[in-house]
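>>> Predicted model and sequence below, questions to follow.
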Amino acid sequence: MDWFSVLDERYDSYKETAIEQRRYLFSDVEKLFDNYNLTKTVIGKSVRGQSLYSLAKGNGDKRILLWSQMHGNEPTATLALLDVFRFLSAKDDSFTELRQTILQNCSLCFFPIVNPDGTDDYTRRNAVDIDLNRDALRKQAPETKALFGLKDTFKPHFAFNLHDQRTFYNIGDTAIPATISFLAPSYEVSRAINAPREQSMKLIASINKKVQQLIPGGVGKYSDEFYPTATGDNFQKEGISTVLIESGPFPNDPERQYVRKLNFLLIIQSLYEIATDTYLSATIEEYKAIPDNGKQFFDVLIKNILIDGYQVDLGINLNEKPTKELGLEYDAKIEDLGDLSYYFGHTVLDCEAQHTPEKPLKVGDSATFTILKDEKAKYKLTNGVLTEL
């Protein structure tokens, strides 16, 4: 059976509907853990004293460790893991065989929300401003110590490092946003390929074929530059086949709920392929053929606007900011100005050298201004939101 396609159709049966937005508190997720039929263990405390949890399921020989939200403002995979927990906890249904295949062949260990303090603040770093994904050598942060302690006790064969990526990534040189990006991290500067990294590459190549069914052309490959202090690179260095998954934007999906679904599907597919060794038929060449990520998107691109008599382009990005009401607002700034003809925009306006802003503009300015044509207001940009007048 093509489990991937059938599970895609029936995803709503397993979606955890208690949280359906990007902004939430750690306690909102923590209180759900007891709803699932997984073994919950406290493995440490965050800087602010919040409990760090592992959740385990399965009794197979293949040990797989998955963690999410090392960066507190990257929530998509955490929500997907809640869906995975519901799926693994379900009683007999049409996916019983799939579930049993995974759990009889694999031992699964999850560390959802490595950074609970950053989750509450909706910030990348932890409560003392350490980037947990750059703390793999010193291991100063208690959250990092918990993750590496879990590695040492669980001794995984495979590891999944789950992140979100910004909206400025595209696929190759195309105007297609990078909705999902994969990486088999390097374990040293020359980017050599040893047996564990080869396994990571084959697994990515195999699951990419499935994801392409849903977002054709929307999958990229993250840079494999070696980062000596990064978590995934050091896991790979220790002989653990490591897969980085970065979740990016999808059209008309501001809360990344469709991307959450993609994460759920590709995680279940990955577990199944490890359980059955089916990924081994993929090749390194198929992995290398996945296009590299470009970095050519702006959230808003205003082309051919006249500023002080010069015909320039404006690249504008929207930066997320948490609100006290557990929402998100956007602080839009002019990121670049000049010839941006080789860039793309999620929103694009071509002024055709016939429009001017109401005031002089420069890089770093707020993206709130009126665009004039023949001295009449034609467009209004309000904190990056474009409206035709």
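Here it is on my side, so go on.
>>> in this protein, which helix has the most residues?
helix 257-276 (DSSP state H).
>>> next one: that one to chain centre, how far?
When C-alpha coordinates are averaged (C-alpha atoms, centre = their mean, to the nearest Å), helix 257-276 and its chain have centres 13 Å apart.
>>> what do you get for stretch 120-131?
Taking C-alpha atoms, centre = their mean, one finds stretch 120-131 lying 17 Å from the centre of the chain it belongs to.
>>> From here on, call the first residue 21.
Done: numbering now begins at 21, and the last item shifts to stretch 140-151.
>>> Show the average pLDDT along stretch 129-148.
Per-residue pLDDT over stretch 129-148 has a mean of 98.
>>> Could I have the CA atoms of that stretch written out in PDB?
Output in PDB follows, covering the C-alpha atoms of stretch 129-148 (Å, rounded to 0.1, in the frame of the first residue of the first chain):
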ATOM      1  CA  CYS A 129      12.600   8.900  21.300                       C
ATOM      2  CA  PHE A 130      11.300  12.500  20.900                       C
ATOM      3  CA  PHE A 131      12.400  15.700  22.600                       C
ATOM      4  CA  PRO A 132       9.700  18.200  21.700                       C
ATOM      5  CA  ILE A 133      10.600  21.800  22.500                       C
ATOM      6  CA  VAL A 134      14.200  21.800  23.400                       C
ATOM      7  CA  ASN A 135      13.900  25.500  24.200                       C
ATOM      8  CA  PRO A 136      10.700  26.100  26.300                       C
ATOM      9  CA  ASP A 137      11.800  29.600  27.500                       C
ATOM     10  CA  GLY A 138      12.500  30.800  24.000                       C
ATOM     11  CA  THR A 139       9.100  29.300  23.000                       C
ATOM     12  CA  ASP A 140       7.300  31.400  25.600                       C
ATOM     13  CA  ASP A 141       9.200  34.500  24.500                       C
ATOM     14  CA  TYR A 142       9.000  33.600  20.800                       C
ATOM     15  CA  THR A 143      12.700  34.200  20.400                       C
ATOM     16  CA  ARG A 144      15.400  32.200  18.700                       C
ATOM     17  CA  ARG A 145      17.700  31.900  21.700                       C
ATOM     18  CA  ASN A 146      17.200  30.600  25.200                       C
ATOM     19  CA  ALA A 147      16.700  32.700  28.300                       C
ATOM     20  CA  VAL A 148      20.400  33.700  28.600                       C
END
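>>> how much distance is there from the longest strand along the chain to the middle of the chain?
Using DSSP state E, we find that the single longest strand of the chain is strand 330-342. When C-alpha coordinates are averaged (C-alpha atoms, centre = their mean), strand 330-342 and its chain have centres 22 Å apart.
>>> Partner strands of it and their direction?
The sheet places strand 330-342 alongside strand 317-327 (antiparallel), strand 348-358 (antiparallel), with pairing taken from DSSP bridges.
>>> wait, which of these is closest to residue 235?
When these are ranked by distance to residue 235, counting by C-beta to C-beta, first place goes to strand 317-327 at 15.8 Å. For glycine as for every other residue, the C-beta is placed from the backbone atoms N, C-alpha and C.
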